[in-house]
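**Student:** sequence isn't available, so here's the structure alone:
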């Protein structure tokens, strides 16, 4: 286990936990209904992550690896997804204003 911090786009820590990986830390937070709104997840490797219902409004996800992630019911309203790999994420995303 390792300590992981997830920061928002202004650099403030919005979540910290002990987990096997950054991906596992984000999954744990999503399960615990933590708000990751405006999180800086640039270049994050979240391939195959279970982010069901994750609160990611306004999150920075450019170049994030989300292939095969379960984003069912995730709120990605106003999230920056330029260059993110969303292959296999499927329908069920909450996006738009």
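**Tutor:** Good, I have the coordinates. Remember, it's a predicted structure, so these values are computed and weren't measured experimentally.
**Student:** alpha carbons only for contacts and neighbour counts from here, please
**Tutor:** Fine.
**Student:** show me the contacts for residue 22.
**Tutor:** Shown in contact with residue 22 (C-alpha atoms under 8 Å, 6 or more residues apart in numbering): residue 4.
**Student:** can you check residue 39 too?
**Tutor:** Residue 39 sits in contact with 6-9, 14, 56, 58-60, where contact means C-alpha under 8 Å, 6+ apart.
**Student:** repeat the analysis, applying 6 Å as the threshold.
**Tutor:** By C-alpha atoms under 6 Å, 6 or more residues apart in numbering, the residues touching residue 39 are 7-9, 59.
**Student:** where does the prediction get shaky in this structure?
**Tutor:** Where the chain drops to pLDDT under 70, the residues are 90-97.
**Student:** need the strands for it, in chain order.
**Tutor:** For the chain, the strands defined by DSSP state E cover 2-7, 13-19.
**Student:** ok, now which ones touch residue 70?
**Tutor:** 50-52, 89.
**Student:** of the contacts of residue 39, which is the most crowded?
**Tutor:** Within the contacts of residue 39, most neighbours by other C-alpha atoms under 10 Å means residue 59, with 23 neighbours.
**Student:** distance check, residue 65 against residue 44.
**Tutor:** Note on residue 65: its distance to residue 44, by C-alpha to C-alpha, to the nearest Å, is 6 Å.
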